[in-house]
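Student: fold the following, please.
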Amino acid sequence: MITYQAGSADVAVIGAGHAGIEAALACARLGLKTLLFTINLDAVGNMPCNPSIGGTGKGHLVYEIDALGGEMGYAADCVTMQSRILNLGKGPAVHSKRVQADRQRYRVLMKKTLERTENLTLIQAEIVDFHCETDQGGRRHVSSVTTKYGAVWNVRAAVICAGTYLHGEVIVGEVSFPSGPDGMLPATEFSSALEREGITLRRFKTGTPARVLKSSIDYTDLEVQYGDENITPFSVRTDADAYAKIPQTVCHVVYTNEETHKIIRDNLDRSPIYSGRIHGIGPRYCPSIEDKVVRFADKPRHQLFLEPMGNDTEEIYVQGFSSSLPEEVQRKMLHSLKGMGEAQMMRTAYAIQYDCIDPTELRPTLEFKDITGLYGAGQFNGTSGYEEAAAQGLVAGINAARQLKGEAPLILTRDTSYIGMLIDDLVTKGTNEPYRVMTSRSEYRLLLRQDNADARLTPLGHAVGLISEERYQKFLEKQEQIKEEVARAQALTIPPSKTLTRICEEHETQPPTTGMRLAELLKRPQLDYEALAPVDPTRPQRSGVIFDAAQVLIKYEGYIARELLEVEKFRKLEGTLLPPDTDYSEIRGIRIEASQKLQKFRPESIGQASRISGISPADISVLLIWLKQKQKS
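Tutor: Numbers count the residues shown, from 1 in each chain. Presented below is the predicted three-dimensional model:
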């Protein structure tokens, strides 16, 4: 290839999906000259799968991204078509916001945001190579990236956010061809450059359902799914009053049936999943419909959702109907559903295989252990989902910027955030399938609620430089109001009265016979601030958000205190650092398997070592004894 020197910058971000957007914005907003490369400018911020942001566990990530100064939450608020809080029947730890988003408007908004950001240049070009230089100590560091047109850009750091484009291959039944998502061109050459530099690649797979013409669906007998009332935004940047007035569109629910399942079973021999044509490992928690029918053969039906793709399109997304069966079979499956007998399929469902890395090759900063200045984020790291990608992109971008500025890295731990848990799981345990965040993965989920993401992470976002002073002062005012309200509820005594008796009886709880503090009444599962309003005359005029936050702290005070004790133990282990040059094979008493794994993963602390698969409590005890002896000597 004939190349030429195109120029220089501080950071190159490769890929402008959800990870790339956050990485590029973070670097540019922190004052670094940033280049953002994408194969197609029309794919910036694309949602090739479901047109939604948030969901179980994922909503927590979006709140955390916003708290750190990222963009996804605000953009999602701007294009919300419907908003719902999932798991409201359960405790606040698992409440998760999900919005139906206008796909086209989201892309337009994100592209405009990038174009208008100082220090950021958006370029349509495929990156096909990168090069490293070796310093006097023998350590490699990124020095340049090269486009397919031969342009060589000298850079000091690079963040790879390749999504599902690396050697992407779309598969539909017996048909397969090189492709990125949504019919985009794949990235065909960059994988070779990664392998040349000693980076291990793996093959993962994901998929997406068909899209259907809205006017061809008979909605007469379909179940309607409405949005919530009194909705609140993801981002503190969004005007909450205006957001609450957004007209919400409706979605619909439909179910597969025995005919659908028979069509699938009769054509399993043509499914690339079962015929062996698909070699990539797919997501366990978002399987194709044929996989569901096989794995859950006793289930007579599976729930599907008909979700609008936007306000300016007639495309309907059939959530839960992901498939890689032949197109003709997909049509029969679709027509077997209630109300879908005449449905016109606008886009065929497909599976896509792509290259990704083993994330255990990364540090908790998301920098490659063996190449300084090279970072990975998103599906390139083996995850699935827009939210997981954006969260990693934000952290990788922040750390790339901080390293170039000579500042300490931002390392989020699993006790501080779902982002920290996500990254820790990836770099410590790795993943053998596309990883997705779930609330059940966290040991500290009562502390890591979506309602307190700002309390946990906004001080970090401010310290990093992505949260303005004005926004930070508003945050401090909010936290002070919550603190004052908790103190008021703990100090205020509510005397017995006919009104209080009536409230308690209406909510099926025993009326108190003596005065009781407001906080004690709030701890009763049946009662809340709204119910107790008639007997709470001193309540100040404050936002409902303040009362909601105070109520959670009061109701779950004991449980929160217990989790905080566990966090202290966790932090003690995390704070016990392991020397980076340790030769684990020389430590007496440690098992061979453990020394080999420790040598491979090179954990940064005792806590991280304890979470490596195959490392036993006995191995950790040996390490602690060895550390004490080393410190004494």
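Student: now Pro308: how far from Thr232?
Tutor: 22 Å (CB to CB, to the nearest Å). C-beta: built from backbone N, CA, C; applies to glycine.
Student: which of the helices or strands spans Leu185?
Tutor: Using DSSP states H and E, Leu185 is not contained in any helix or strand.
Student: ok, back up a step: between Pro308 and Thr232, which one's more packed in?
Tutor: For Pro308 versus Thr232, neighbours defined as other CB atoms under 10 Å are more numerous around Pro308 (22 against 18).
Student: isn't that one up against Ile316?
Tutor: Yes - contact between Pro308 and Ile316 holds when scored by CB atoms under 8 Å: they sit 6.2 Å apart.
Student: what's the overlap in contacts for these two?
Tutor: Lys214 (CB atoms under 8 Å, 6 or more residues apart in numbering).
Student: after the helix or strand of the chain with the lowest mean pLDDT, which helix or strand is next?
Tutor: Least confident helix or strand of the chain, by mean pLDDT, DSSP states H and E, is helix 272-275 with a mean of 80. Scanning forward in sequence from helix 272-275 by DSSP H and E, the next helix or strand is helix 289-295.
Student: would you mark the buried spots in the following helix or strand past that following helix?
Tutor: Counting by DSSP H and E, the next helix or strand C-terminal to helix 289-295 is strand 303-308. Burial within strand 303-308, assessed by neighbour count using 16 or more other CB atoms under 10 Å, is assigned to Leu304, Phe305, Leu306, Glu307, Pro308.
Student: show me where pLDDT drops low in the stretch 201-350 of the chain?
Tutor: Scanning the stretch 201-350 of the chain with the threshold set as pLDDT under 70 gives 280, 284-285.
Student: how many other residues sit next to Ser322?
Tutor: 25.
Student: next one: Asp548
Tutor: Asp548 has 15 nearby residues by other CB under 10 Å.
Student: touching, it and Asp451? I think so.
Tutor: Yes - with contact defined as CB under 8 Å, Asp548 counts as touching Asp451 (6.5 Å).
Student: for stretch 210-221, give me every contacting residue.
Tutor: So stretch 210-221 is contacted by 252, 306, 308-309, 314-318, 321, 323, 330, 334, 338-349 (CB under 8 Å, 6+ apart).
Student: switch the cut-off to 6 Å
Tutor: Applying CB atoms under 6 Å, 6 or more residues apart in numbering, the contact partners of stretch 210-221 are 314-318, 330, 339, 342-349.
Student: which of the three states applies to Lys609?
Tutor: Lys isn't right for residue 609; it's Ala. Using DSSP: H, G, I helix; E, B strand; the rest coil, the structure places Ala609 in helix.
Student: now do it against Asp218, distance only.
Tutor: Plainly put, Ala609 is 59 Å away from Asp218 if you go by CB to CB.
Student: again with Pro534
Tutor: 48 Å.
Student: likewise for Asn87?
Tutor: Per CB to CB, Asn87 is found 31 Å from Asp218.
Student: can you give me the strands in the stretch 301-450 of the chain?
Tutor: Using DSSP state E, counting those that start in this stretch, the strands found in the stretch 301-450 of the chain span residues 303-308, 315-319, 345-347, 350-357, 371-372, 374-376.
Student: contacting residues around the residue nearest to the spatial centre of the chain?
Tutor: Nearest to the geometric centre of the chain sits Glu388, at 2.4 Å (CA atoms, centre = their mean). Counting by CB under 6 Å, 6+ apart, Glu388 touches Val437.
Student: repeat that for Ile21.
Tutor: Residues near Ile21 by CB under 6 Å, 6+ apart: Gly45, Met110.
Student: just checking, next helix/strand downstream of the helix or strand hosting it?
Tutor: Taking DSSP H and E as the criterion, Ile21 maps to helix 18-29. Next helix or strand after helix 18-29 toward the C-terminus (DSSP H and E): strand 34-38.
Student: who does that following strand pair with, and is each partner parallel or antiparallel?
Tutor: Here strand 34-38 has these sheet partners by DSSP bridges: strand 11-14 (parallel), strand 120-124 (parallel).
Student: so after that strand, what's the next helix or strand?
Tutor: Scanning forward in sequence from strand 34-38 by DSSP H and E, the next helix or strand is strand 52-54.
Student: turn the strands of the stretch 301-450 of the chain into a markdown table, columns for distance to Glu126.
Tutor: Listed next are the strands of the stretch 301-450 of the chain as a markdown table, based on distance: least, CB to CB, whole Å:
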| stretch | distance to Glu126 |
| --- | --- |
| strand 303-308 | 32 |
| strand 315-319 | 28 |
| strand 345-347 | 24 |
| strand 350-357 | 14 |
| strand 371-372 | 21 |
| strand 374-376 | 18 |
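Student: mean neighbour count, those strands: which tops it?
Tutor: Among the strands of the stretch 301-450 of the chain, ranked by average contacts under mean count of other CB atoms under 10 Å, first place goes to strand 374-376 (a mean of 28).
Student: average pLDDT for that one?
Tutor: Mean per-residue pLDDT for strand 374-376: 98.
Student: before we move on, what about stretch 417-430?
Tutor: The average pLDDT for stretch 417-430 rounds to 96.
Student: can you list the buried residues in that stretch?
Tutor: Counting neighbours by 16+ other CB under 10 Å, one finds that the buried residues in stretch 417-430 are 417-428, 430.
Student: now do stretch 182-190
Tutor: So, applying 16+ other CB under 10 Å, buried residues of stretch 182-190: Asp182, Met184, Pro186, Ala187, Thr188, Glu189, Phe190.
Student: again with stretch 118-127
Tutor: Buried, per 16+ other CB under 10 Å, within stretch 118-127: Asn119, Leu120, Thr121, Leu122, Ile123, Ala125, Glu126, Ile127.
Student: and the residues you listed, which two are the farthest apart?
Tutor: Taking CB to CB as the measure, the buried residues of stretch 118-127 span a maximum distance of 23.0 Å, between Asn119 and Glu126.
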